[in-house]
Structure formats: structure tokens, C-alpha cells
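Asker: coordinates only, sequence not included:
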């Protein structure tokens with residue numbers, strides 16, 4: 001399966017066929033470099049959405065090109081470029097909508113786009129094979145899989161090799177900035193990797209002809225060994241484990257542990273089925289037949305199990321997608337055994353339904369979870385005070401265990417997708433991390449996603465813009481000292497004398513002359529009052545503190561200061577930080 005490196009002409013050819021893919025690759029790489037160089041406290045969501053939109057654009061541009069090559073045999077170069085332009089315009093429009101979506105990563109748009117990206121990937125593989133002599137869906141799968149595998153190997157080798165060269169230069173010659181490693185990674189992932197995949201593709205015309213120097217659909221010796229000696233045994237063992245689990249939990253239909261692994265089992269299994277389709281050895285044929293039957297049985301079992309659980313705890317997006325994939329797999333298994341070639345169409349239709357409101361995964365799931373909470377509130381009116389939901393340990397005690405679990409899980413889920421407004425009596429200041437403390441002791445399946453510990457953390461750091469300055473006075477000279485302060489005394493020397501510095505009472509930095517006992521105390525407690533958030537970026541004025549004693553004048557600049565408590569109790573709080581001290585004698 002490993003083949004010669006693509007020639008320059010093949011790279012040029014793929015650039016002419018897929019220009020927008022390369023353009024969006026450059027955009028994504030540039031934005032990735034930009035995000036890496038941004039201060040951690042600065043918002044990068046616009047650039048991150050740009051990277052995401054560029055990825056969507058690359059997939060969309062690939063889809064329109066393979067569709068053009070397959071269905072517009074007599075199309076002109078202008079038409080091809082026009083379709084690429086349409087794909088580019090679509091990605092730009094998507095970015096404009098996505099960049100204006102609040103809390104993008106928890107939005108319906110983000111969820112639907114993830115499903116759409118799976119659909120686009122499927123279309124890239126399936127469209128060229130539709131009624132195309134010389135290329136069926138299984139052959140197309142092998143071509144794209146082999147191209148992906150080879151490109152991933154070359155990308156990994158280049159990344160390792162270049163990193164070793166840079167590391168050697170950094171050790172032996174001069175320091176190499178860490179950002180450069182990320183820059184190379186970005187170029188390889190967003191530009192080289194997709195471009196190299198596309199450079200291996202023959203033109204998807206009808207009838208399909210594998211071009212010389214392009215990736216073929218044959219099963220090479222390496223791929224044969226990979227599939228028959230590794231993947232088939234793994235899927236076989238996985239199937240046995242799945243059925244052992246099913247039979248061992250027949251009496252407990254609400255056990256959903258298998259949901260975590262079922263989708264991956266189905267995806268990997270179907271991929272292996274299509275990749276081995278050209279291998280006609282007897283035991284491989286038996287494997288495909290047995291696996292198809294196993295998928296049918298396992299999918300029906302899992303659909304029933306998920307429906308039973310959903311009737312109690314409601315639908316979630318992951319459960320919706322699991323039921324969908326199991327349904328598609330059950331139908332697909334029947335079609336596969338009947339030698340029917342319409343399985344890709346069934347999968348494409350399912351993915352399309354999963355992303356189209358009002359029957360899409362996110363709409364159905366949040367409606368289901370909202371209904372659960374509202375029904376519980378109706379059944380237990382004591383949970384509402386003055387028209388608003390008020391959760392306390394006392395009124396939560398009246399709920400039975402299952403009802404408490406349902407309410408806790410549903411409120412968490414609605415908060416995750418910014419849909420708490422579906423609860424009729426939800427207060428505006430409802431905080432899932434604070435208000436759900438009333439459910440302490442109620443264990444749910446999603447507890448691992450949440451941490452309700454009482455820990456406290458605060459951080460303030462200096463955002464020092466170029467040209468910023470602060471004034472300090474000095475008579476008779478002064479010295480600049482860098483301090484790393486915490487709740488233990490540390491000795492340093494300045495002005496020819498010995499001093500101690502120590503964080504006192506969490507927020508007071510005390511600098512003491514060891515000989516005279518004279519102390520300078522800087523009160524940093526006001527930094528917490530500047531924000532309600534965990535982190536704050538300080539201006540030079542906010543970070544500067546001045547103090548005088550009988551003998552000394554001092555200016556302190558806060559570089560980074562943090563407060564931490566593992567329990568949230570004041571007596572458990574500790575303060576520490578890095579500071580610049582400018583100390584002078586009067």
C-alpha cells in the first residue's frame with residue numbers, strides 16, 4: 001500500500017482540480033498559528049471558528065468537485081471553477097453565521113455541523129461510485145482509505161523528522177521557539193495532509209479508469225495482511241465481547257454502559273466489511289456473512305435497550321445517534337446479505353435526518369429533557385417558590401431516587417446546550433454548578449463530566465503592552481528584584497542587605513529587612529474585587545503597588561498572582577505569585 005511520493009505534476013494537478021481545498025487549508029493553517037501565539041486570556045473564538053469553517057469548506061469543495069467529475073462529463077473548466085467558488089462562498093456564509101453564534105461549541109449549529117461533516121465525508125466516497133462502471137462503493141472506500149493511510153504515514157514521518165532537525169538545531173546551535181513546532185504541525189495537517197490525499201485520486205469520470213501513478217482500489221499485500229490478520233480478528237473478538245455483555249445483562253435493560261462503545265464497533269466493523277469485499281478467500285467470506293448477521297442481532301438488541309432507557313431518562317444526542325446508527329446498521333445488514341448496493345443511501349438519508357430540524361438530534365434531545373424537568377415540577381410543586389424553581393436539600397428529599405436522577409441529568413443536559421429556558425420556572429440566575437448541589441449524594445451516569453467540589457481558584461496576571469510604563473521614585477539608587485513568593489519566607493539580597501519575602505494572610509506580600517525587622521507590606525486583596533471571573537488580565541496601573549517605610553521606598557509590579565483553596569474554606573486559602581520589586585533606600 002505504501003507507494004512512491006507523488007510527483008510535482010500530480011501536486012499541480014490536484015491544485016487545479018481542488019483549488020478551494022488548498023486555499024482553505026492555507027487559511028486554517030494561518031489561523032492555527034495565530035491562535036497559538038495569542039495570550040491565553042485573549043479571546044480566540046473567532047479564529048477557532050475560522051479553522052472549523054475552513055475544514056467545512058475543504059470537505060464541501062471536495063464534494064462539489066467529485067460530483068462535477070462524476071455527473072458533468074462534458075462540463076467546462078469554467079463550470080468546475082464556478083462550483084469551487086460556490087463551495088467557497090458557502091463556507092464564508094457558514095463562518096459569518098457561526099462567528100455570530102453565542103457559545104458556539106454548545107450551540108445547535110455546532111452539533112448539526114458535526115453531523116454534516118460526516119455526511120460530506122460519506123458523499124465524497126459514495127458519489128463517484130453511483131452507477132459508475134469500474135467503481136463500486138467498496139472500491140471507492142478502499143481508494144480513499146489507502147490514500148488516507150499513506151498520507152497519514154507521510155505526514156507523521158515528516159513531522160517527526162522536522163521536529164528532530166529543529167530539536168538538534170535548538171540544542172546545538174541556537175534556541176528554536178516552541179511556536180515553530182506548532183507552525184510546522186499546522187502546515188502539515190491543514191495543507192500537506194489533505195492536498196496529498198487529493199493528489200492520489202484519479203478523475204472520477206464515468207466509466208472510471210484508474211490513472212497511472214494514482215491510488216488503485218486493489219487489495220495490496222500489506223492491506224491484505226492488515227485486514228485479515230489484524231482487523232478481522234479484532235472485530236471478531238469485539239463481537240464476542242458485545243454478545244457476552246448482552247447475554248449477561250438480559251435482566252437489566254437500563255444498563256447503558258455499552259452505548260460508549262457500540263457506535264465505534266459498528267463504524268469499524270462496516271469499514272472492515274467494505275475493505276475486505278474484494279478478498280474472496282473462504283474464511284473472509286464467512287466472516288462478512290457472520291458479521292452482518294451479528295450486526296443485525298446486536299443492533300436490534302441495542303435499539304430496544306436504548307428505547308427502554310429513553311422512556312425513563314429521556315433522549316440525549318448521543319442516544320439519538322446510537323439509535324439512528326443501530327437502525328441504519330440493522331437495515332444495512334439486511335441489504336448487505338441481499339447483495340443490495342443502497343446501504344450508502346440509507347446512511348446518507350439517516351445523517352440528513354439527524355441534522356435537519358425539528359427532527360434532528362439536538363432538537364429532539366433538548367425537547368425530551370425539557371419535558372422531563374417540567375413534568376417533575378408539575379408532579380412536585382414544592383420545588384417552586386414564588387413561581388421560580390428553588391432547589392434545596394430539603395425539597396429534593398421528597399423525590400424518589402429515579403426522579404432525582406432524571407431531574408439532575410436533565411438540568412445538566414439543558415445547561416450544556418444553553419436550553420435551560422425550556423424549563424418554565426427556571427430563575428435567570430440559575431447556576432448548574434451551585435443549584436444542583438442540592439442533589440449531592442444522587443449519583444447519575446454523567447457524574448464523571450461534572451466536578452462539584454468546593455475548590456476555589458483565582459488568578460491575576462499582567463498584560464503588559466509595548467510602550468506601557470509606570471512611575472516610581474528613587475533616591476540614592478535602587479535595585480530590581482524578581483520574587484517568587486508563597487506562604488513560606490524566602491531570603492534575598494538587595495542594597496547590600498538581607499531581606500525576607502513571604503505571602504501573609506493569603507493576599508499580603510511582606511518584605512522584611514532581616515537585620516532591623518523593618519517591613520514593607522503590599523495588600524493585594526483588591527485584585528479579587530476587580531472581577532467576578534476566575535481570571536483577570538491586569539493593566540500596568542492595576543498591577544503596580546507602592547509602599548514606604550522609615551528607610552525604604554518600594555514599588556511592586558504583579559506579574560502573576562493566584563489564590564487557591566481545595567475546600568473553598570477561607571482558612572484553607574493560599575496565595576502565591578511572581579512579582580517585580582523595585583527597592584531603594586531613602
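Answerer: Looks like it came in fine. Predicted model only: the values in this text are computed from it and were never measured.

Asker: OK, contacts around residue 262?
Answerer: 242, 298, 302, 322, 325-326 (CB atoms under 8 Å, 6 or more residues apart in numbering). Every C-beta, even on glycine, is put in place using the N, C-alpha and C of the backbone.

Asker: after the helix or strand hosting it comes which helix or strand?
Answerer: Residue 262 belongs to helix 259-275 when elements are defined using DSSP states H and E. Downstream of helix 259-275, the first helix or strand assigned by DSSP H and E is helix 282-313.

Asker: so what does that following helix touch, helix or strand wise?
Answerer: Helices and strands touching helix 282-313, by 3 or more CB pairs under 8 Å, 6 or more residues apart in numbering; DSSP states H and E, are helix 232-248, helix 259-275, helix 317-337, helix 401-416.

Asker: any chance of the ones you listed in CSV, plus mean pLDDT and distance to residue 353?
Answerer: Output for the helices and strands packed on helix 282-313, formatted as CSV (pLDDT from 0 to 100; distance: least, CB to CB, whole Å):
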stretch, mean pLDDT, distance to residue 353
helix 232-248, 91, 26
helix 259-275, 87, 17
helix 317-337, 91, 8
helix 401-416, 90, 21
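
Asker: let's have those helices in JSON lines, adding distance to residue 155.
Answerer: Below are the helices and strands packed on helix 282-313 laid out as JSON lines (distance: least, CB to CB, whole Å):
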{"stretch": "helix 232-248", "distance to residue 155": "24"}
{"stretch": "helix 259-275", "distance to residue 155": "20"}
{"stretch": "helix 317-337", "distance to residue 155": "29"}
{"stretch": "helix 401-416", "distance to residue 155": "34"}
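
Asker: those helices: which one's closest to residue 161?
Answerer: helix 259-275 (29.2 Å; CB to CB).

Asker: give the buried residues for that closest one.
Answerer: By neighbour count on 16 or more other CB atoms under 10 Å, the buried set for helix 259-275 is 259, 262-263, 265-266, 269-270, 272-275.

Asker: from what I can see residue 332 touches residue 345, true?
Answerer: No: the criterion here is CB atoms under 8 Å, and residue 332 misses it with residue 345 at 10.3 Å.

Asker: between those two, which has more neighbouring residues?
Answerer: residue 332 (25 against 15; other CB atoms under 10 Å).

Asker: what's near enough to touch the residue nearest to that one when sequence neighbours are not counted?
Answerer: Leaving aside its chain neighbours, residue 332 sits nearest to residue 343 (4.4 Å; criterion: CB to CB, 6 or more residues apart in numbering). Residues near residue 343 by CB under 8 Å, 6+ apart: 137, 331-332, 335-336.

Asker: centre of the chain to stretch 575-586, how far?
Answerer: 41 Å (CA atoms, centre = their mean, to the nearest Å).

Asker: for this protein, which helix is longest?
Answerer: Scanning the chain for the helix with the most residues, using DSSP state H, yields helix 137-172.

Asker: may I see the buried residues of that one?
Answerer: 137-151, 154-155, 158-159, 162, 166.

Asker: what are the buried residues along the following helix or strand past it?
Answerer: Using DSSP H and E, the helix or strand that follows helix 137-172 in sequence is helix 178-187. By neighbour count on 16+ other CB under 10 Å, the buried set for helix 178-187 is 181, 183-187.

Asker: same check, this time on stretch 363-380
Answerer: Those buried within stretch 363-380 under the rule 16+ other CB under 10 Å are 363-366, 368-370, 372-374, 376-377.

Asker: also stretch 9-21?
Answerer: By neighbour count on 16+ other CB under 10 Å, the buried set for stretch 9-21 is 10, 13-14, 17-21.

Asker: would a markdown table of the residues you listed with secondary structure, distance to residue 581 and pLDDT be doable?
Answerer: Converted to a markdown table, the buried residues of stretch 9-21 look like this (DSSP: H, G, I helix; E, B strand; the rest coil; distance: CB to CB, whole Å; pLDDT from 0 to 100):
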| residue | secondary structure | distance to residue 581 | pLDDT |
| --- | --- | --- | --- |
| 10 | helix | 62 | 80 |
| 13 | helix | 64 | 83 |
| 14 | helix | 59 | 88 |
| 17 | helix | 63 | 93 |
| 18 | coil | 58 | 94 |
| 19 | helix | 57 | 95 |
| 20 | helix | 55 | 96 |
| 21 | helix | 55 | 97 |
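
Asker: report the two of the residues you listed separated the most.
Answerer: Once CB to CB is applied, these give 10 and 20 as the farthest pair, at 18.5 Å.

Asker: and the longest helix of the chain, average pLDDT?
Answerer: Across helix 137-172, the average pLDDT comes to 92.

Asker: that helix to helix 259-275, inter-axis angle?
Answerer: Here helix 137-172 points in a direction 110 degrees away from that of helix 259-275 (axes from the mean of the first three to the mean of the last three CA atoms, to 10 degrees).

Asker: per-residue pLDDT, the residue nearest to residue 191 when sequence neighbours are not counted?
Answerer: Closest residue to residue 191 apart from its sequence neighbours, by CB to CB, 6+ apart: residue 25 at 4.3 Å. With respect to pLDDT, residue 25 scores 97.

Asker: buried residues, the helix or strand hosting residue 25. List them.
Answerer: Assigned by DSSP H and E, residue 25 belongs to helix 19-37. Neighbour-count burial for helix 19-37 flags 19-25, 27-33, 35-36 (criterion: 16+ other CB under 10 Å).

Asker: cool, and stretch 563-581?
Answerer: By 16+ other CB under 10 Å, the buried positions in stretch 563-581 come out as 563, 565, 573, 575-581.

Asker: restricted to strands, list those residues.
Answerer: 563, 565, 575-581 (DSSP state E).

Asker: CSV for those, including pLDDT and distance to residue 358?
Answerer: Formatted as CSV, these follow (pLDDT from 0 to 100; distance: CB to CB, whole Å):
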residue, pLDDT, distance to residue 358
563, 90, 47
565, 80, 46
575, 91, 52
576, 92, 52
577, 91, 52
578, 92, 53
579, 94, 56
580, 93, 58
581, 93, 62
